[in-house]
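Enquirer: whatever this is, show me its structure:
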Amino acid sequence: MNPLQTQLLMIDAYRLIAEVIPDLDGVIIDGGANVGQATEHLRKCFPSTPIHAFEPVGEAFEQLAEHTAPLGVRPHRLALGDTEHEAEIRVNRNLWTCSLLDASSRGHEFHDDWCQTVRTERIRVVRLDDWAQREGVDRVSLLKLDLQGFELPALRGAGDLLDTVQAIYSEAQIVPEYTGASTFSQIDTFLNTRGFTLYQITDLCLKGAHSEPSCCDGLWLRQDILDQVRSRPTPRPILDAVDRRAVLMADALRLCKEQDLRRVAIYGAGAHTAACGPSLAAPPVNVVAVIDDQPKRPALWNIPVVTRDEAHDMALDAVILSSDRAERALLNNADMFIEAGVPVISLYEHGRVTTHRQVAAPSAV
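Expert: Numbers count the residues shown, from 1 in each chain. A predicted model of the protein is given here:
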């Protein structure tokens, strides 16, 4: 996740779909599978449903094929669109941002060098409807799309096959990050005409200096399916949606990993940190301590609770502030770390995850 991005909501869409539609009656299409992260989760949620994963970029496709080989998934090095043709795809510095479209000025603003194109590759684009006829696929239960702005052409290319789909889970851009990108309103309008209604927005990303809502993942259900779902109790994945505090903490921990800050302490041992438990269960970096001004317990989740002075001697790479109401006070108290050259990360300052560093002294003239 980009350092200027905050993720909200975080409902597990695949687990939700598995609960509200327990009997899928066709195959699963994973469009824009990248290296297979979502594909692996789909297999866990739907252990016996055939899955076809589409990824056109060579480097990502090789990893996808390797990761999903033991899972019985069929990978296809193809892109999805509304016509069958060959095209040049932009392979960007970060594989998550590869697209058939050029990054827009907002995309560059939001992602910095992540969407910088390092090369192009010649790929094949297919219509899902035509591909399905060739493959003998007559029903699609779940259509997942993450195509970096090319979702609407892929939906159009589904043709009559779309009539068999029960659920569509798609990324949708609110602020176009690619020139000519499909937007949420366009996707929603098109799906409404084909008999689908938005059921959930499962995550929402705020990006840039103003934390603008830039993109989301939406779950649309065929109307008859949605009518059935609404007649039942609220599904557990919605009730279990991760607290926003845990989401922001996860963002901060990922930022530490991206910046190679490996030894991290969490400053604050109160209710806010307790709510961040899901993010601290398997952090991407080594959380070596929880800092508390007046420690009342020796450890939290087997992480030692220490004073600021004790933490100061622990050779930390970063300190993450864990409080909403008292964040400003914690930031003031964390001056000792900043002055020692240790970055301090706040979750709410300026409306986003922010890194505070020591300001370099001006050079002598």
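Enquirer: give me the residues contacting stretch 103-120.
Expert: 2, 4-5, 88-94, 96-97, 99, 175-179, 181, 207-208, 214 (C-beta atoms under 8 Å, 6 or more residues apart in numbering). In this view, the C-beta of every residue, glycine as well, is placed from N, C-alpha and C.
Enquirer: can you give me how far it is from the chain middle?
Expert: Distance, stretch centre to chain centre, for stretch 103-120: 17 Å (C-alpha atoms, centre = their mean, to the nearest Å).
Enquirer: can I get it in CSV? Just the C-alpha atoms.
Expert: Below are the C-alpha coordinates for stretch 103-120, written out as CSV (Å, rounded to 0.1, in the frame of the first residue of the first chain):
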residue,chain,number,x,y,z
ALA,A,103,-1.4,6.5,-15.5
SER,A,104,-3.2,9.9,-15.1
SER,A,105,-1.7,12.9,-13.3
ARG,A,106,-3.7,11.9,-10.2
GLY,A,107,-2.3,8.4,-10.5
HIS,A,108,1.2,9.7,-10.5
GLU,A,109,0.4,12.0,-7.6
PHE,A,110,-1.1,9.1,-5.5
HIS,A,111,1.4,6.4,-6.4
ASP,A,112,4.6,8.4,-7.1
ASP,A,113,7.1,6.0,-8.9
TRP,A,114,4.9,2.9,-8.4
CYS,A,115,3.1,3.6,-11.7
GLN,A,116,6.3,4.6,-13.6
THR,A,117,6.4,2.4,-16.7
VAL,A,118,9.7,0.4,-17.0
ARG,A,119,8.7,-1.5,-20.2
THR,A,120,5.8,-2.7,-22.3
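Enquirer: domain ranges for the chain?
Expert: For the chain, automatic domain parsing gives the domain ranges 5-239, 244-356.
Enquirer: TSV please, covering the ones you listed and showing mean neighbour count and mean pLDDT.
Expert: As requested, the domains of the chain are exported to TSV (neighbours: other C-beta atoms under 10 Å; pLDDT from 0 to 100):
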stretch	mean neighbour count	mean pLDDT
domain 5-239	18	94
domain 244-356	18	90
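Enquirer: next structured bit after whichever strand or helix holds residue 252?
Expert: According to DSSP states H and E, residue 252 maps onto helix 244-258. As assigned by DSSP H and E, the chain's next helix or strand after helix 244-258 is strand 263-267.
Enquirer: on contacts alone, who are the packing partners of that next one?
Expert: helix 244-258, strand 286-291, strand 318-321 (3 or more C-beta pairs under 8 Å, 6 or more residues apart in numbering; DSSP states H and E).
Enquirer: mind checking which of the contacts of stretch 103-120 are in strands?
Expert: If you go by DSSP state E, those have 5, 88-92, 207, 214 in strands.
Enquirer: now these in TSV, with distance to residue 291?
Expert: Putting the ones in strands among the contacts of stretch 103-120 into TSV (distance: C-beta to C-beta, whole Å) gives the following:
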residue	distance to residue 291
5	26
88	51
89	46
90	44
91	42
92	38
207	30
214	33
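Enquirer: do you have the strands of the stretch 51-200 of the chain handy? List them.
Expert: Secondary structure of the stretch 51-200 of the chain (DSSP state E, counting those that start in this stretch): strands at 51-54, 74-76, 79-81, 85-92, 117-127, 140-145, 167-173, 196-207.
Enquirer: from residue 297, how far out is residue 128?
Expert: 55 Å (C-beta to C-beta, to the nearest Å).
Enquirer: my bad, residue 16
Expert: 36 Å.
Enquirer: what does residue 220 give?
Expert: 46 Å.
Enquirer: then residue 308?
Expert: 16 Å.
Enquirer: want to throw the helices and strands packed on strand 263-267 into a markdown table with distance to residue 269?
Expert: A markdown table is the format used below for the helices and strands packed on strand 263-267 (distance: least, C-beta to C-beta, whole Å):
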| stretch | distance to residue 269 |
| --- | --- |
| helix 244-258 | 14 |
| strand 286-291 | 5 |
| strand 318-321 | 12 |
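Enquirer: looking at these, which is closest to residue 138?
Expert: Distance to residue 138, taken as C-beta to C-beta, is lowest for helix 244-258 among the helices and strands packed on strand 263-267, at 39.5 Å.
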